[in-house]
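K.L.:
Give the three-dimensional model of this entry:
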Amino acid sequence: MKPRILVVDDEPQIQRFLRPALEATDFEVEMASTVAMAKRLAATRSPALIVLDLGLPDGDGKDVIETVRAFSRTPIIVLSARDQESEKIAALDAGADDYIEKPFGIGELLARIRVALRHVDGLARPVGQQQFGPITLDREKRLVSRGTDTIHLTPKEYDLFVLLADNAGKVVTHATALLKLWGPAHKDDAQYLRVLVGQLRGKLENGDGLIKNEAGVGYRLVEPSDI
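P.N.:
Numbers count the residues shown, from 1 in each chain. Model prediction:
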């Protein structure tokens, strides 16, 4: 059965563009143009993924994110003309998996959709070793290596790498990382995170560009297919 994608956008040109593009890539497509319709279809049609605009005629798309997250881990990719960092952070912290600004390229959107769907598939099975370019993460042994060489990470560096690996291809916001790694008492200590990311990059990267900086928002571990 083809994966079903729910596209939530009230712009007719976006709908006319996305439906054939997604159907040509072997997806089934549902369309919604309002918050109310999006909530209903998300609950009744069980989409594999949601592509969501934030500016809808009857409300804010973040309301859709919060409603869906109350009952489902369905991947949500925000596709919006809102380019302020605060909007991106708010959408990601509400539970969106990714954020793409309009105007956008269909190739990039399809790549992000594949990443999100792979992530869901990965959650459904136990993870042994994972490969990120030349870097191997072995969770059972708590080892990180490059080829046959072990990379010695501090416990906090290892925890950060696992957090990024758990969300490979997706943005991990500063707030999420700080909460997970240091707890609520340090939710505003962005300098802690910058230093830790710098240390991890120094040990992992060899010109590979594994960890991408999403300016003002967070960090993304690049999936192997994107390296």
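
K.L.:
Asp83 should be in a strand, yeah?
P.N.:
No: Asp83 is assigned coil when assessed by DSSP: H, G, I helix; E, B strand; the rest coil, not a strand.

K.L.:
Just give the nearest non-adjacent residue to it, would you?
P.N.:
Glu101 (5.1 Å; CB to CB, 6 or more residues apart in numbering). (Each C-beta comes from the backbone N, C-alpha and C, glycine too.)

K.L.:
number of nearby residues for that neighbour?
P.N.:
Counted by other CB atoms under 10 Å, the residues lying close to Glu101 total 13.

K.L.:
what pairs with it across the strands?
P.N.:
For Glu101, the beta-bridge partners under DSSP bridges are Ser80.

K.L.:
So it sits against Ile77, correct?
P.N.:
No: with contact defined as CB atoms under 8 Å, Glu101 does not count as touching Ile77 (11.7 Å).

K.L.:
Closest to the mean position in the chain, which residue would that be?
P.N.:
By CA atoms, centre = their mean, the chain has its centre lying nearest to Lys170, at 2.7 Å.

K.L.:
so that residue sits right up against Arg220, yeah?
P.N.:
Yes: counting by CB under 8 Å, Lys170 touches Arg220, with 6.5 Å between them.

K.L.:
what sits up against the lowest-mean-pLDDT helix or strand in the chain?
P.N.:
Ranked by mean pLDDT, DSSP states H and E, the helix or strand of the chain with the weakest confidence is helix 106-123, at a mean of 82. Here helix 106-123 makes contact (CB atoms under 8 Å, 6 or more residues apart in numbering) with 3, 5, 17-18, 21, 25, 48-49, 51, 73, 75, 77, 79, 97-98, 100, 167-170, 223, 225-226.

K.L.:
now it, how far from the centre of its chain.
P.N.:
9 Å (CA atoms, centre = their mean, to the nearest Å).

K.L.:
can you pull the buried residues of that helix?
P.N.:
Taking 16 or more other CB atoms under 10 Å as the basis for neighbour counts, the residues of helix 106-123 that come out buried are 109, 112-117, 119.

K.L.:
again with stretch 61-78
P.N.:
Buried residues in stretch 61-78 (16+ other CB under 10 Å): 61-65, 67-68, 74-78.

K.L.:
now do stretch 21-33
P.N.:
22, 27, 29-33.

K.L.:
Ok, stretch 198-205 next?
P.N.:
200, 203-204.

K.L.:
got a list of contacts for that stretch?
P.N.:
135, 144, 146, 151-154, 157, 160-161, 210-211.

K.L.:
go again using 7 Å as the cut-off
P.N.:
The contact list for stretch 198-205, computed with CB atoms under 7 Å, 6 or more residues apart in numbering, reads 135, 151, 153, 157, 160-161, 210-211.

K.L.:
Identify those among these that sit within helices.
P.N.:
When DSSP state H defines the helices, the subset of the contacts of stretch 198-205 inside them is 157, 160-161.

K.L.:
quick one: terminal-to-terminal distance for stretch 143-157?
P.N.:
12 Å (CA to CA, to the nearest Å).

K.L.:
Alright, that wraps it up for me.
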